[in-house]
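In: Give me the fold of what follows.
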Amino acid sequence: MSRRRELARYVAARLALAPVMLWLLASLVFLLLRVAPGDPIDALLGPKAPAAARAALRQQLGLDRPLLEQYGHFLGQLLHGNLGTSQAAQEPVTAIVRDTLPASLELGLVALLLAAVLGLAVGFSGIARPEGKVDLAGRLFGIGTYALPPFWAAMVVQLVFAVWLGWLPVGGRFPATLVPPGGSGFYLLDSLRAGNLPQLLGSLRHLALPAATLAVLLSGIFTNALRLNLRRALGSDYVEAARSRGLSERRVVLHHALPNALLPVLTITGITVASLIGGALLIEVTFSWPGIAARLQEAIAQRDYPLVQGIVVVVAALVVLVTVAVDLLVALLDPRIRF
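Out: This next block holds a predicted model:
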């Protein structure tokens, strides 16, 4: 019962800190957008627009008010769940997020799953002979994939598999000759639910290159984490005790060392979600993937204050929720953790 109370207190503290983190991040984005060089009126109307039109638009957007007043209005709208209206698209930010977030989540979840499978397989492959050729290759794989520039890797993959070989489409999310599946916005899930094989295959063909590219870039995190933690676990006292009882090396690794080595990897998964956002931005732009990261890049270029602020707040909320969920899961699985 004492541990349950400690766990409940820990979760309550993390959830209580979440709004503070979101407020700090939203405030930072609000300030950075307004001190950055350039005028959003120029981005919307052009630098040669008449002065009267520029003044009218500035007043309409509230940019003629004092900065503190703009900040108070922004926080008030945010507290009421109103993310504002996009200046460039003249569309509610919540509608834009609702339309683009499923595409990014689908790409991110598939990429994260592939990255975990690939990274853990490579990290585990060299454990039989530490410092051997396979272990060295796994170490080089982990370092190399993590260090690859995402935009360069994406262009190389496009060049090889889409241009030279012609196996997969170079970009986009769905074939132009088919009607996209309706429903949740998750094309794989919607096409499976409808039992539409052409839609499913079309979604998979367009998802394959960006998801595989992002997965390879992220897999090095899992490779290095599992490799280091598994080697540490194999040198621990409880593993030596298991060996002294005459257990086979396979049973020692799979039943004693591996479960303990996977717990820190689970924690790193929460950090990987944050890395996923930065990588997804470049991947979505390169592959013309209509997700929230690509829309954020457009909003930054257009100095669309409400859209940038709304997307950042939504993404930050997702990262905080995933981090808290991972911490809670690790705490439930590992009785050694104290709060």
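
In: Do a quick rundown of the helices in the chain.
Out: Ranges of helices in the chain, per DSSP state H, are 2-35, 40-45, 51-61, 67-79, 93-125, 133-147, 150-157, 187-194, 197-234, 237-244, 249-252, 258-286, 292-301, 305-333.

In: from the chain's centre, how far out does the longest one sit?
Out: Put plainly, it is helix 197-234. 13 Å (C-alpha atoms, centre = their mean, to the nearest Å).

In: If we go by neighbour counts, what in that helix is buried?
Out: 199-200, 202-203, 206-231, 233-234 (16 or more other C-beta atoms under 10 Å). Where C-beta positions appear, they are placed from N, C-alpha and C, glycine not excepted.

In: Okay, now the unreliable bits of the stretch 151-300 of the chain?
Out: Along the stretch 151-300 of the chain, the model assigns pLDDT under 70 to residues 274-275, 277-279.

In: end to end, how far does stretch 29-47 reach?
Out: The first residue of stretch 29-47 is 25 Å away from its last residue (C-alpha to C-alpha, to the nearest Å).

In: What are the contacting residues of it?
Out: Stretch 29-47 is contacted from outside by 49, 53-54, 57-58, 61, 63, 67, 70-71, 74, 87-88, 301-305, 308-309, 312-313, using C-beta atoms under 8 Å, 6 or more residues apart in numbering.

In: With stretch 69-79 instead?
Out: For stretch 69-79, the surrounding residues in contact (C-beta under 8 Å, 6+ apart) are W23, A26, S27, F30, R34, G62, L63, R65, L83, G84, Q309, V313.

In: Export only the CA atoms of that stretch, formatted as PDB.
Out: Extracted C-alpha coordinates of stretch 69-79, given in PDB (Å, rounded to 0.1, in the frame of the first residue of the first chain):
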ATOM      1  CA  GLU A  69      -1.700  42.600 -24.000                       C
ATOM      2  CA  GLN A  70      -1.200  40.200 -26.900                       C
ATOM      3  CA  TYR A  71       0.400  37.700 -24.400                       C
ATOM      4  CA  GLY A  72      -2.600  38.000 -22.100                       C
ATOM      5  CA  HIS A  73      -5.000  37.400 -24.900                       C
ATOM      6  CA  PHE A  74      -3.000  34.400 -26.100                       C
ATOM      7  CA  LEU A  75      -3.000  32.800 -22.700                       C
ATOM      8  CA  GLY A  76      -6.700  33.500 -22.200                       C
ATOM      9  CA  GLN A  77      -7.600  31.800 -25.500                       C
ATOM     10  CA  LEU A  78      -5.400  28.900 -24.600                       C
ATOM     11  CA  LEU A  79      -7.000  28.300 -21.200                       C
END
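
In: now that stretch: mean pLDDT?
Out: Stretch 69-79 carries an average pLDDT of 89.

In: quick check: mean pLDDT across stretch 307-326?
Out: 85.

In: Pull that stretch out as PDB, backbone CA atoms only.
Out: Extracted C-alpha coordinates of stretch 307-326, given in PDB (Å, rounded to 0.1, in the frame of the first residue of the first chain):
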ATOM      1  CA  LEU A 307      -0.800  28.200 -36.200                       C
ATOM      2  CA  VAL A 308       2.800  27.900 -35.000                       C
ATOM      3  CA  GLN A 309       1.700  28.400 -31.400                       C
ATOM      4  CA  GLY A 310      -1.200  25.900 -31.600                       C
ATOM      5  CA  ILE A 311       0.900  23.200 -33.300                       C
ATOM      6  CA  VAL A 312       3.700  23.500 -30.700                       C
ATOM      7  CA  VAL A 313       1.300  23.400 -27.800                       C
ATOM      8  CA  VAL A 314      -0.500  20.300 -29.200                       C
ATOM      9  CA  VAL A 315       2.800  18.500 -29.900                       C
ATOM     10  CA  ALA A 316       4.300  19.400 -26.500                       C
ATOM     11  CA  ALA A 317       1.200  18.100 -24.800                       C
ATOM     12  CA  LEU A 318       1.600  14.700 -26.700                       C
ATOM     13  CA  VAL A 319       5.200  14.500 -25.700                       C
ATOM     14  CA  VAL A 320       4.400  15.200 -22.000                       C
ATOM     15  CA  LEU A 321       1.700  12.600 -22.000                       C
ATOM     16  CA  VAL A 322       3.900  10.000 -23.600                       C
ATOM     17  CA  THR A 323       6.700  10.700 -21.200                       C
ATOM     18  CA  VAL A 324       4.500  10.500 -18.100                       C
ATOM     19  CA  ALA A 325       3.000   7.200 -19.400                       C
ATOM     20  CA  VAL A 326       6.400   5.700 -20.000                       C
END
